[in-house]
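Participant: here you go, sequence then predicted model.
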Amino acid sequence: MGLVEAWGGNLLGWIVANLIESVYNLFYALTNPGLWLDWVTWNNTTEDKQSLMRLVYYGASVELFFVLLMLLIVYTAVAIWHRPLMWATVRGLEKFANTVGRTFAWAGLAMVLIQILIIFTQRIFAVAQITLGFGIAVSFDVSWWSESLKFYNAMVVALCATYTFVQGGHVRVDLVYSAVSFRTKKIIDMFGSLFFMIPAGVVIWMYSWFFFWRHMIVPNASASDALDRLVAKSVALRWNIETTGFSPNGFNAYFLFKVLILAYTGMILIHAVSFFYRSFLEWREGEASEGKYLDRDVLGDPTAERVAEIH
């Protein structure tokens, strides 16, 4: 941290110092993976506990932010110089968003089927448990299945957000946007990616990262804790995964909701980069490139497609 302390008298110097030091931090992390990955082969040793606390600290740290920022700057510079790489990145990231969204959109159907099953078992058969499975059966109380509907709904919301964005299904206010030229629209899109999507995603990640770990381990890790303090806390570290439902026999895997928050935030950050790249490329290449390589769903109904386009 010597360079950061030396140059940290002003904001610009602090940013430049952190970017320079991020090269060393990345090299050190890659050459010493055991310091933060030793916990993967959990044996409840001191080294395991310390490595987990390092992961907790660095997962939402200034050091990680500047490492990722440095990599993004370098990659973007190369992609601007070699535009096919940028287009390939856009296609890959949009395909990832579409694949995840199209897959987990089926959770909506699962919600409907489970709700129908709950109604039938409660109102017609009057049983307290539902057992599903072939060979290995899964049996839970009706209240467990009822509360699990919230998880399926959360999957649709969290994992289909970027898919909806790619498909153009998000809500937007076009008071200014619709009245400006094509290139001005792309400048607005790039500005929105850099100064709204990415900062919002970073803030949500910082809060949700420690929120997640507070429901996974004790003693609790705080965003205000320095690395040395967290490593010192690791002496008393143990797993304490949240499994308490709202009702006595209710859904007992509420930690998965915290996982979904992280997944949602990570996908938003990734797609912010993809959207910036697409906006830059369309701004650079003109209107002929609008929607290039864009994989949007086809409804097969001209009227429905027109309605979707209007909305």
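Facilitator: Noted; the coordinates are in hand. Remember, it's a predicted structure, so these values are computed and weren't measured experimentally. Numbering: from 1, shown residues only.

Participant: mind showing which ranges of the chain have poor pLDDT?
Facilitator: Residue ranges of the chain with pLDDT under 70: 1-9, 133, 245-246, 300-301, 303-311.

Participant: residue ranges of the helices in the stretch 1-150 of the chain, please?
Facilitator: Along the stretch 1-150 of the chain, counting by DSSP state H, counting those that start in this stretch, helices occupy 2-7, 11-31, 34-37, 46-58, 62-81, 83-104, 107-120, 142-159.

Participant: return the longest one as CSV; C-alpha atoms alone will do.
Facilitator: Below are the C-alpha coordinates for helix 83-104, written out as CSV (Å, rounded to 0.1, in the frame of the first residue of the first chain):
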residue,chain,number,x,y,z
ARG,A,83,-13.2,-4.3,-33.2
PRO,A,84,-14.0,-8.0,-34.1
LEU,A,85,-12.9,-8.8,-30.6
MET,A,86,-15.4,-6.3,-29.2
TRP,A,87,-18.2,-7.7,-31.3
ALA,A,88,-17.3,-11.2,-30.2
THR,A,89,-17.4,-10.1,-26.6
VAL,A,90,-20.9,-8.5,-27.1
ARG,A,91,-22.2,-11.7,-28.8
GLY,A,92,-20.8,-13.9,-26.0
LEU,A,93,-22.1,-11.8,-23.1
GLU,A,94,-25.5,-11.4,-24.7
LYS,A,95,-25.7,-15.1,-25.4
PHE,A,96,-24.9,-15.8,-21.8
ALA,A,97,-27.6,-13.4,-20.6
ASN,A,98,-30.1,-15.0,-23.1
THR,A,99,-29.2,-18.5,-22.1
VAL,A,100,-29.5,-17.9,-18.4
GLY,A,101,-32.7,-16.0,-18.8
ARG,A,102,-34.4,-18.5,-21.1
THR,A,103,-33.4,-21.3,-18.8
PHE,A,104,-34.6,-19.8,-15.5
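
Participant: which helices and strands does that helix pack with?
Facilitator: helix 62-81, helix 142-159, helix 161-166, helix 255-285 (3 or more Cβ pairs under 8 Å, 6 or more residues apart in numbering; DSSP states H and E). (Glycine included, C-beta is placed from N, CA and C.)

Participant: how much space between L260 and A161?
Facilitator: As judged by Cβ to Cβ, to the nearest Å, L260 and A161 stand 11 Å apart.

Participant: residues near C160, how many?
Facilitator: By other Cβ atoms under 10 Å, the residues close to C160 number 23.

Participant: check contacts around the residue lying closest to it once chain neighbours are set aside.
Facilitator: Distance criterion Cβ to Cβ, 6 or more residues apart in numbering; nearest residue to C160, sequence neighbours excluded, is G101 at 4.3 Å. Applying Cβ atoms under 8 Å, 6 or more residues apart in numbering to G101 gives the contacts 159-164, 166-167.

Participant: filter those residues down to the buried ones.
Facilitator: With neighbours counted by 16 or more other Cβ atoms under 10 Å, the contacts of G101 contain buried members at 159-164, 166-167.

Participant: looking at the residues you listed, which is nearest W14?
Facilitator: T162 (31.6 Å; Cβ to Cβ).

Participant: before we move on, the earlier item: turn the buried ones among the contacts of G101 into TSV, including distance to V67.
Facilitator: Shown next, in TSV, are these (distance: Cβ to Cβ, whole Å):
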residue	distance to V67
L159	26
C160	29
A161	25
T162	23
Y163	28
T164	30
V166	27
Q167	32
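
Participant: closest to L30 out of the residues you listed?
Facilitator: Once Cβ to Cβ is applied, the member of those that ends up nearest L30 is T162, at 28.1 Å.

Participant: just checking, the closest one touches M267?
Facilitator: Yes. Contact criterion Cβ atoms under 8 Å: T162 and M267 qualify, at 4.7 Å.

Participant: mutual contacts of those two, please.
Facilitator: With Cβ under 8 Å, 6+ apart as the test, T162 and M267 both reach 97, 100.

Participant: for V235, which of the helices of the stretch 1-150 of the chain is the nearest?
Facilitator: Closest approach to V235 among these (Cβ to Cβ): helix 46-58, 7.3 Å.

Participant: show me which residues of the closest one are buried.
Facilitator: For helix 46-58, burial by neighbour count (16+ other Cβ under 10 Å) applies to 48-58.

Participant: same list (the residues you listed) but as CSV, adding distance to A107.
Facilitator: Below are the buried residues of helix 46-58 laid out as CSV (distance: Cβ to Cβ, whole Å):
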residue, distance to A107
D48, 34
K49, 35
Q50, 38
S51, 34
L52, 30
M53, 34
R54, 34
L55, 29
V56, 29
Y57, 33
Y58, 32
